[in-house]
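Undergrad: Next come a sequence and a model predicted from it.
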Amino acid sequence: MASDFEDQTPDSRATSPSRDQAQAALDDLGHDSQGLAARIVTPWWYHPALGVITAIFAGAHALPGAWPMVLLVLGIVAIPILTTTYSRRFGVVVTKPAGPRSKRLLLATLGVLVAAMMSSLAFKFLSIDPWWALIPAGVTFMATVILGRRYDEALRQEVAAPKVAGA
């Protein structure tokens with residue numbers, strides 16, 4: 001079986017790259033990070049579509065009859081359709097925050113969604129008119145659009161200029 005190291009002596013295998021080679025490798029990684037960050041640009045329609053889905057999750061609980069279940073199922077079906085459409089069209093899938101700012105924005109968005117869903121459930125249990133559920137649904141929609149766009153911006157910045165370990 002052939003090896004990439006067959007023609008090298010034991011001494012040549014143990015040598016480290018030169019300072020210039022190491023700097024060139026780091027520069028290449030920097031360019032790769034910047035190229036990836038440039039591709040993490042969501043289209044204008046993504047956050048409003050996600051906002052509608054999250055608003056459905058937030059407001060559906062207050063509706064009477066079978067409507068909550070119907071709308072929740074539609075929302076659950078819509079999320080993978082939205083995310084796969086985005087990933088296939090743009091070739092980028094980001095599954096987690098890249099740094100502290102994007103993590104905080106993601107947690108803030110999730111916090112708003114959970115609070116809105118809980119208030120919607122409270123409306124149902126307190127027998128409040130279901131139209132009041134439009135308030136948490138609207139707040140969730142706006143938070144998803146506004147914080148989602150800020151999250152994307154933070155994510156691009158953190159991917160383009162990652163922190164070096166120990167720096």
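TA: Okay, I see it. Keep in mind the model is a prediction, meaning the values are calculated, not measured. Numbers count the residues shown, from 1 in each chain.

Undergrad: rest of the way, CA atoms for contacts and neighbours
TA: Noted.

Undergrad: So which residues of the protein form helices?
TA: 10-13, 19-39, 46-59, 67-90, 100-125, 134-160 (DSSP state H).

Undergrad: Deepest in the core, which of the ones you listed is it.
TA: Stretch with highest mean neighbour count among the helices of the chain: helix 46-59 (a mean of 23; mean count of other CA atoms under 10 Å).

Undergrad: how far off helix 134-160 does that helix point, in degrees?
TA: In terms of direction (axes from the mean of the first three to the mean of the last three CA atoms, to 10 degrees), helix 46-59 departs from helix 134-160 by 140 degrees.

Undergrad: Quick one: list the elements packing against helix 46-59.
TA: Packing contacts for helix 46-59, counted by 3 or more CA pairs under 8 Å, 6 or more residues apart in numbering; DSSP states H and E, involve helix 67-90, helix 100-125, helix 134-160.

Undergrad: Need these in a markdown table (columns: distance to residue 20).
TA: Shown next, in a markdown table, are these (distance: least, CA to CA, whole Å):
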| stretch | distance to residue 20 |
| --- | --- |
| helix 67-90 | 35 |
| helix 100-125 | 32 |
| helix 134-160 | 22 |
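
Undergrad: Figure out which of the ones you listed is closest to residue 52.
TA: Go through these one by one with CA to CA and the one that ends up closest to residue 52 is helix 134-160, at 6.0 Å.

Undergrad: now the angle between helix 100-125 and the closest one, please.
TA: Going by the same axes, to 10 degrees, helix 134-160 makes 170 degrees with helix 100-125.

Undergrad: Could you give the backbone dihedrals for residue 98?
TA: The phi/psi pair for residue 98 (degrees, to the nearest 10) reads phi -100, psi -10.

Undergrad: wait, isn't it in contact with residue 160?
TA: No. Residue 98 lies out of contact with residue 160 (CA atoms under 8 Å); the separation is 9.9 Å.

Undergrad: Let me have the helices of the chain in a markdown table, extended by mean pLDDT.
TA: Output for those, formatted as a markdown table (pLDDT from 0 to 100):
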| stretch | mean pLDDT |
| --- | --- |
| helix 10-13 | 54 |
| helix 19-39 | 62 |
| helix 46-59 | 93 |
| helix 67-90 | 90 |
| helix 100-125 | 89 |
| helix 134-160 | 91 |
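
Undergrad: Ignoring the adjacent residues along the chain, who's closest to residue 60?
TA: residue 68 (4.6 Å; CA to CA, 6 or more residues apart in numbering).
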